[in-house]
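Asks: This is a predicted model, with the sequence first.
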Amino acid sequence: MTKADIVDRIAEATGLTKLETEAVVDGFLVTVVDAVAGGERIELRGFGTFRSVERAPRTARNPRTDTPVPVPGRLAPVFKPAQEFRRRVEATGIAQGIGR
């Protein structure tokens, strides 16, 4: 599913125009990215939590030359789905015979 598909579904469900819906979706996405990039935690009850975590510096290995390569520490975005979200996805997978 693409952003355009999401806009179409929301516009259909709400009666808003696609242009208005796209502005709302874009605004939401920009807000989430800016907040997580700024170190904030976003919790959407029943959906999940967006936050950033610090990845420690480490030493990797170049597979071609087998030489060590230093990898600097960094911030990484993380999404943790809510229990309700997880249960619904798991129930769908079980109904489809996945994970048995």
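Replies: Received it, and whenever you're ready, just let me know what you need.
Asks: And the pLDDT at the residue lying farthest from the centre of the chain?
Replies: Most distant from the centre of the chain: Thr65, at 34.5 Å, with distances by CA atoms, centre = their mean. Thr65 is assigned 95 on the pLDDT scale.
Asks: Am I right that it sits in a helix?
Replies: No - if the criterion is DSSP: H, G, I helix; E, B strand; the rest coil, then Thr65 is coil and not within a helix.
Asks: show me what contacts Ala76?
Replies: Listed by CB atoms under 8 Å, 6 or more residues apart in numbering, the contact partners of Ala76 are Ser52, Val53, Glu54, Arg55. All C-beta spots, glycine's among them, are computed from the backbone N, C-alpha and C.
Asks: of those, buried ones?
Replies: Applying 16 or more other CB atoms under 10 Å to the contacts of Ala76, the neighbour count classes Ser52 as buried.
Asks: Among the contacts of Ala76, which lie within strands?
Replies: Ser52, Val53, Glu54, Arg55 (DSSP state E).
Asks: Now the two most distant members of those residues.
Replies: Farthest pair in those (CB to CB) is Ser52 and Arg55. Separation: 9.8 Å.
Asks: Residues that sit against both of the two, list them.
Replies: Contacts common to Ser52 and Arg55, judged by CB under 8 Å, 6+ apart, are Leu75, Ala76.
Asks: Just the pLDDT for Arg100.
Replies: In this prediction, Arg100 carries a pLDDT score of 54.
Asks: what helix or strand is the spatially most central residue of the chain on?
Replies: Closest to where the C-alpha atoms of the chain average out (CA atoms, centre = their mean) is Phe79, at 5.1 Å. Assigning secondary structure by DSSP states H and E places Phe79 in strand 74-81.
Asks: quick one: Pro81 from Asp66, how far?
Replies: For Pro81, the distance to Asp66 equals 38 Å [CB to CB, to the nearest Å].
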